[in-house]
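In: below is the sequence, then the predicted model.
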There are 4 protein chains.
Amino acid sequence: MSDDRIREYCGLFGVFGTPAAAEATYNGLYAQQHRGQESAGICTTDGRRLHNHTALGLVTDVFDRQRLDALPGHAAIGHVRYSTTGSCSAVNAQPLLIQFAQGEVAVAHNGNLVNAVALRERYERRGAIFRTSSDTEVVLHLLADPRYSESDDPLANLLPQLSGAYCFLLIYADRIEAVRDPFGLRPLCLGRMRDRAWVVASETSALDIVDAAYVRDVAPGEIVTLSDAGLSSRRFSEEGAVRPAHCIFEQVYFADPSSNVFGQNVHQFRVATGRRLAIEAPAEADLVIPVPTCAMCAAQGFAEQSGLPLGRGFTVSHYAGRSFIMPTQAQRDMEVKRKLNVIKDSVRGKRLAVIEDSVVRGTTTRGKMGALREAGAREIHLRVASPPIRSPCYFGIDFPDRRQLIATGRSVEEIRDYLGVDSLAYLSLDGMLACAREQPDQYCAACFAGRSPIQVESELDKLAMERVPTAARA
Amino acid sequence: MSDDRIREYCGLFGVFGTPAAAEATYNGLYAQQHRGQESAGICTTDGRRLHNHTALGLVTDVFDRQRLDALPGHAAIGHVRYSTTGSCSAVNAQPLLIQFAQGEVAVAHNGNLVNAVALRERYERRGAIFRTSSDTEVVLHLLADPRYSESDDPLANLLPQLSGAYCFLLIYADRIEAVRDPFGLRPLCLGRMRDRAWVVASETSALDIVDAAYVRDVAPGEIVTLSDAGLSSRRFSEEGAVRPAHCIFEQVYFADPSSNVFGQNVHQFRVATGRRLAIEAPAEADLVIPVPTCAMCAAQGFAEQSGLPLGRGFTVSHYAGRSFIMPTQAQRDMEVKRKLNVIKDSVRGKRLAVIEDSVVRGTTTRGKMGALREAGAREIHLRVASPPIRSPCYFGIDFPDRRQLIATGRSVEEIRDYLGVDSLAYLSLDGMLACAREQPDQYCAACFAGRSPIQVESELDKLAMERVPTAARA
Amino acid sequence: MSDDRIREYCGLFGVFGTPAAAEATYNGLYAQQHRGQESAGICTTDGRRLHNHTALGLVTDVFDRQRLDALPGHAAIGHVRYSTTGSCSAVNAQPLLIQFAQGEVAVAHNGNLVNAVALRERYERRGAIFRTSSDTEVVLHLLADPRYSESDDPLANLLPQLSGAYCFLLIYADRIEAVRDPFGLRPLCLGRMRDRAWVVASETSALDIVDAAYVRDVAPGEIVTLSDAGLSSRRFSEEGAVRPAHCIFEQVYFADPSSNVFGQNVHQFRVATGRRLAIEAPAEADLVIPVPTCAMCAAQGFAEQSGLPLGRGFTVSHYAGRSFIMPTQAQRDMEVKRKLNVIKDSVRGKRLAVIEDSVVRGTTTRGKMGALREAGAREIHLRVASPPIRSPCYFGIDFPDRRQLIATGRSVEEIRDYLGVDSLAYLSLDGMLACAREQPDQYCAACFAGRSPIQVESELDKLAMERVPTAARA
Amino acid sequence: MSDDRIREYCGLFGVFGTPAAAEATYNGLYAQQHRGQESAGICTTDGRRLHNHTALGLVTDVFDRQRLDALPGHAAIGHVRYSTTGSCSAVNAQPLLIQFAQGEVAVAHNGNLVNAVALRERYERRGAIFRTSSDTEVVLHLLADPRYSESDDPLANLLPQLSGAYCFLLIYADRIEAVRDPFGLRPLCLGRMRDRAWVVASETSALDIVDAAYVRDVAPGEIVTLSDAGLSSRRFSEEGAVRPAHCIFEQVYFADPSSNVFGQNVHQFRVATGRRLAIEAPAEADLVIPVPTCAMCAAQGFAEQSGLPLGRGFTVSHYAGRSFIMPTQAQRDMEVKRKLNVIKDSVRGKRLAVIEDSVVRGTTTRGKMGALREAGAREIHLRVASPPIRSPCYFGIDFPDRRQLIATGRSVEEIRDYLGVDSLAYLSLDGMLACAREQPDQYCAACFAGRSPIQVESELDKLAMERVPTAARA
């Protein structure tokens, strides 16, 4: 994907029963850093008390040896987070730790609740106070609400109040609870370390880094408890068991190619989309090149299927994105330039099949196509390994609003013209879903298809929580 | 005072109606940095929304040009805070900003609530969640409680629920509310800047630095509102109007000598105690020397009254207290050494009247007396310009518990022996109170006299809020 | 290349005649960050005086807006540097700025002088003092030596004293001098910005980022002067004009694939080596995978030639190498793990042709092959797109000494056994050189072939300058 | 002294024969931090090699546990430095470490060489290169000059080349050499720690902090060697033995009151000047107040002699000088305000005898006098405990040039008028010198008297070394 502003909200990791739980969590978050670069946090339990540290920044910025050593205990949960610029604030960093009548609990959340504003208003009317602009905070109020907290199973009883996409990790002094929403929109998997400690993570790449074997996914509508008694499980909803709605965009863009999500390897899904794309929309070209770095898998499939040679058209700076902020447009263009260098001799005089995983706003893609043209590419045939994005996402993916999406109200020909390429084709919706392991109706493809698996009352915007006044910063 | 661990909790500053409110607040906090070195924060309003920034550290560490520029608005409140090591945590830094049914509010607090645990438990039973270990957070829950928030005057109605010492500054989008407890335990004064902006501060030194003229003190039991409509006032309690209980320790130790608190200049109070001390407990000495830097005023009075020459026995390092932490005892002793150098030639062979403002644990005082002896002082007559401290304080001063106070269970002779001085005398309680401007019964001298002006149910400890599990850290 | 400790010493950039020379240099260094990550520096001239800033760290760490603004002037030189751990010291960061009888000059150097110790001793005997352990410092002494400094062309007269590989940029108040050694071991090219400013850089990727058009290489034995009078050129040696000795390792490993060095595109050279490797050492395989990220070009060539599909076996963390230091071996293994994730589903059950650009120590390669095996690869056929490295480099490449090179005293079969692969083949020396644009005898391939183009008196070691006592640190 | 820009260049500390030499040096520098706040450095020897660390900042900023641990060895020298803004540069931080024909040496210098430019030019003509703008660097060239380095006693032979004020500490692998110039302009004393290690320091306060007993001063024209063989001494000059020229300004302003310099306690000297001032220029006043913090000793003497009460008119912020830089004049005025608060009630309606140690530019003094007046002082009688400063200093004190001195070309009456006080008197030159322990002709009072003890060829300026182009920055 060319538009770097589009990033998912979060990655989760939890471990119970290993001596250096904070360090394992550090590694597990590191392997999922691509899921969120804005803040990071780890909360451990020593069996009696919780120890939490969160801050803005990458995992490697937020934690060092000393910080990890100050987080004792045999169990931990961790979180990496991305959010929009407006709400980039230390108070929103997770895990969120609270004290309430039952003691302490900390929560980490991946996803987005579509009824958070309604729930928040309900609690505010009763006198609740809020310190963040995160939808996660309402879950804390539900947890503390005597209606649930004094029930036989507070968590199972309150979860049906939530609507939207969510995976939660909750850590108490004596246990971790891992929850996945009834539709299974976001991934969450279980693994086991060599020392028998249980691990829970958004992606299997986090299991690999701690040498944990994959056991199974947390099921939609399931609560898994990790404690000294081992693993136990219960259902709080049967809804999604019938028909889940896995986010297809995890496969298309977010997850690491080495990960399995929803029971399928991400790399293989993407290779398949590339193959399919070569069948649906072949290109007369001398060379297949991916737009780095995400489209490499799809380009591999496209090349394999088409029999065209696969090559490199760009090199990527390993140091991109770390430059200080330059305020003028000329300087922002420079920043884009710093990230990708065209290999001029590789593309000069060539007819190129350029493979992209997805196109959101189109502005960056346009710049890259221009750079190829300037380097002497003879023809540019852009092939996108997913359908046009036509709708914002209400379930945790930070697409811009409808007006900024290039595919809104534009024909493919108009988009082609805007991007300045000789031909343009997108993979069909059916074609994309055919690459997935489950039946097409088991996925949420609302951003492509416009049909949401969950009822969303109104055109929500991701800063809705912030229109209620907030600006909280620590 | 020789025991550097004893520090008050907080200093407050607020301003309404000046263009660069954050900068004025920065200066106002700077002038009150002696009231709290652990964290600092400023919350501004631009008329619509609040903007808050808080962090651990000195005012000059927490804020720079860029941070101040990110706090727009014509009104602001600020806070500096000291707390015990155990609860040194960024989540406790104030102002505390929340959203609730009525919008946004941020609160800064100086003092200590003696019924905070009871209130907290009451709200927790109803489902409230807490994120800090600060007693201030219960006030936020009271503010949001519909019982008060939906009443005609939420603030005036909820304040009678609070027991203890408190000054509050609350900032809303459209106003600042300044509150002082019914007994007026902590100081709070009003001033006016040259541009007619209203200022409220713990000490008048903060008025001076922003060129504000002193107007009057906020009265015990009064709420003052600063808004576009100017200043308005109302009473929420008449209790203290009859007999206030001003903390005499503000005069003895905390406040800056250039400040006026409770209507009296601190320097002059201290000079008066020194004079009185010279009458009550004269010393046969060649030279009067203060223990730097707080006892200088009292030493001046002692010298004036006694006719003895006033001189220096120590120099103070301006760089003390900034060294990295050295874990061994030998290294801690070195730290004390770094702070004060004895001027050997000044004290050698002399009979010294050494003036101290107060003695808490006695360990540091003992070290200093030893250094004077080692430098060749012939006789050391220690004179303390306040009575022995016999009780902990429940109202915001961080004395150690009773067992650590040197005066607990020890006669003056036993203390003299411990400190290794030739003679020791404390100023009498009556003598000290006679130096104050108001009648003796207008002051709280519970730490000296053991009688508290407010009913305290049990032997509270300042970490009571933390025994409820917390460990919250950001 | 798998052994991340092997890095070249430096990258150079200079510009004359553009308003924001420091900023252009920042960008030019950024594009060459892969040539040195240890220190960075920029020295500008405002026409009268030089302004220098150097520090340890990446370009983006060392410079920010404020730092660049403090470097005024229309001309600048810059330097990025890698050196061995032992001499990682701020005093060695370049450009090195001195004052001497003729005024000020700053020098930036890429390469290695093989007679630096001898020259240093000569000057020390005369009373010279040294502050760094860098071979570059002797050049400063030559510059100031009246024997040269008072001659008609100091630079041209002193350069014949130097033996080894070098490109120098020297900045004076009024000009930049760019020098390339007689054998042209290291690359140096000239370009021109749109505003007609002259640019000089190690690699053409640095021209691209400042929108400069490539003009030509600085010739071996040439001095180019950039000044208000434009560009002028003179020769100080004709030696290399007959037979240059371009470092083939620049093509094999160091330079960015988007760059042209020695008149040839790096990517295309590497693709050609991959093709040649497929002819010399074909593999029965299902899939060709590169070891990221450097072997991607060679893998492309190998796949093209062999007709085998090209795919991905690993994903790379964009955040690798930024973690805090972990002292134990277990923790260092973790660091390797963090960098590369195997895409298990991509390699499981497959016969793999794994393409590597070069193998130095072999330890990291062995780890990666083990990871592929563990992920279920059926067969691993490792193909290395360059010959075995058998000799250290005396000209600026930081290979370990002979004993640590895996190819020293080991047959290919023994190396295969050590790496744990099913088959292993290296590209032949002739095969590699056949891929280069110039005749084979125009390149230095001493690390592969053992024959040095320049006489090196003894087995030098790169820390020779440090055996003379140094430890200089700022 | 009211003008905070006037600070001496340096403080020195050295120790030989103690296990934790770096830590002792850290403490010794800490106790002399008032002698230089711009940079700090420590160089140790482990018997074989030197280990140096220097940086801009306070001792506590530059060093932490880790840094000290990286400086092994049983001997060390350290340096704190102030220099003018123009040459505030990391490359100038001392000790300066070099390698030369004889090995390694590091040098720390307190003072100023008046013939440094001439020496520098001499060496530059021979081909020497310079990297700093410090006069100390010429000493390094002399040390390496074969004319001296190959002589029987290099140090003793080269020192007569130097003209000016200097104390040097030189550390070699096996010894420390401590040198004091023939006139003894700057102080340097010897002490002995309890473990028998030898200590050398600028001020005795540094001996006190490491529990070293004062032994004696290093004599003018003496070289003291500290090594495994203990202490040995030799003379390189007999010049000053006849008539030294101790800098009286060390007594008046620089040294810590707890120190002894030139055999006399600083506090007692200052008390004596205050007494003398009261005799020479009595004042009809109600209260004697010092300008904090330096004039406290003189004020004590003035009060004792006059019989007037001694009190406080100002409080000092312990946090002053740490605020971020504010560029406008209004903001700089605010910075002054932050440093000193007038105790209004202490001065209102009073006739004040205000004691100042010295007045340089007069601008800050004027501001303070205005603040007293504004606070309601009835009369202000300013008494300065030293004569008018009429000449810049060529020997290491950073006075502004002649035109900026308030006493240049102004009568006392004109100065009084400028400062806005009711009366003004300076202590006489003879009066001041009468307070010193040695005969008047044993002191350099050139800044007051205009007569220099050493021939200074021309009106030097302290940036002379910088007019030779420099701008060296690391």
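Out: Yes, it's here. Numbering: from 1, shown residues only, chains lettered A, B, ... in the order given.
In: low-confidence regions, chain A specifically.
Out: Scanning chain A with the threshold set as pLDDT under 70 gives A:1-8, A:83-88, A:239-242, A:320-333, A:336, A:400, A:455-474.
In: residue of it nearest chain D, please.
Out: Per Cβ to the nearest Cβ, residue A:66 is where chain A lies closest to chain D, at 11.4 Å. Placement of C-beta: from N, CA and C, glycine included.
In: what comes up buried for the lengthiest helix in chain A?
Out: In chain A, with assignment by DSSP state H, the single longest helix is helix A:266-280. Under the neighbour-count criterion of 16 or more other Cβ atoms under 10 Å in any protein chain shown, helix A:266-280 has A:266-278, A:280 buried.
In: which among the residues you listed gets closest to residue D:258?
Out: Nearest to residue D:258 among these, counting by Cβ to Cβ, is residue A:266 at 70.4 Å.
In: just say helix, strand or coil for residue A:51.
Out: strand (DSSP: H, G, I helix; E, B strand; the rest coil).
In: kindly report the same for residue A:168.
Out: Going by three-state DSSP: residue A:168 is strand.
In: quick check: chain neighbours aside, which residue is closest to it?
Out: Nearest non-adjacent residue to residue A:168, counting by Cβ to Cβ, 6 or more residues apart in numbering or on different chains: residue A:179, 4.3 Å away.
In: wait, that neighbour sits on residue A:162?
Out: No - counting by Cβ atoms under 8 Å, residue A:179 sits too far from residue A:162 to count as a contact (9.4 Å).
In: C-alpha coordinates for stretch A:111-126, PDB please?
Out: Taking C-alpha atoms only, stretch A:111-126 is exported to PDB below (Å, rounded to 0.1, in the frame of the first residue of the first chain):
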ATOM      1  CA  GLY A 111     -10.100  -3.200  17.300                       C
ATOM      2  CA  ASN A 112     -12.800  -0.600  17.400                       C
ATOM      3  CA  LEU A 113     -16.100  -0.400  19.300                       C
ATOM      4  CA  VAL A 114     -18.900   1.100  17.200                       C
ATOM      5  CA  ASN A 115     -21.100   1.800  20.200                       C
ATOM      6  CA  ALA A 116     -18.500   3.300  22.400                       C
ATOM      7  CA  VAL A 117     -20.000   6.800  22.300                       C
ATOM      8  CA  ALA A 118     -23.400   5.500  23.300                       C
ATOM      9  CA  LEU A 119     -21.900   3.500  26.200                       C
ATOM     10  CA  ARG A 120     -19.800   6.400  27.300                       C
ATOM     11  CA  GLU A 121     -22.700   8.700  27.400                       C
ATOM     12  CA  ARG A 122     -24.700   6.200  29.400                       C
ATOM     13  CA  TYR A 123     -21.900   6.100  32.000                       C
ATOM     14  CA  GLU A 124     -21.300   9.800  32.000                       C
ATOM     15  CA  ARG A 125     -24.900  10.300  32.800                       C
ATOM     16  CA  ARG A 126     -24.400   8.200  35.900                       C
END
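In: and the residue of chain A closest to chain D, how many neighbours?
Out: 8 (other Cβ atoms under 10 Å in any protein chain shown).
In: doesn't it belong to a strand?
Out: No - under three-state DSSP, residue A:66 falls outside any strand and is assigned helix.
In: who's in contact with it?
Out: With contact set as Cβ atoms under 8 Å, 6 or more residues apart in numbering or on different chains, residue A:66 has no partners.
In: same check on residue A:454?
Out: A:114, A:163-165, A:183, A:245, A:394-395.
In: do residue A:148 as well
Out: Residues near residue A:148 by Cβ under 8 Å, 6+ apart: A:142, A:154-155, A:157-158.
In: any idea which element it lies in?
Out: Under the criterion of DSSP states H and E, residue A:148 resides in helix A:146-149.
In: could you list every helix and strand in contact with whatever helix or strand comes next after that helix?
Out: Moving toward the C-terminus from helix A:146-149, the next helix or strand (DSSP H and E) is helix A:154-158. When contacts are defined as 3 or more Cβ pairs under 8 Å, 6 or more residues apart in numbering or on different chains; DSSP states H and E, helix A:154-158 packs onto helix A:136-144, helix A:146-149.
In: mind saving the C-alpha coords of helix A:154-158 as CSV?
Out: Written as CSV, here are the backbone C-alpha positions of helix A:154-158 (Å, rounded to 0.1, in the frame of the first residue of the first chain):
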residue,chain,number,x,y,z
PRO,A,154,-18.5,-10.1,35.0
LEU,A,155,-16.6,-10.4,31.7
ALA,A,156,-19.0,-12.8,30.0
ASN,A,157,-21.9,-10.7,31.1
LEU,A,158,-20.7,-7.4,30.0
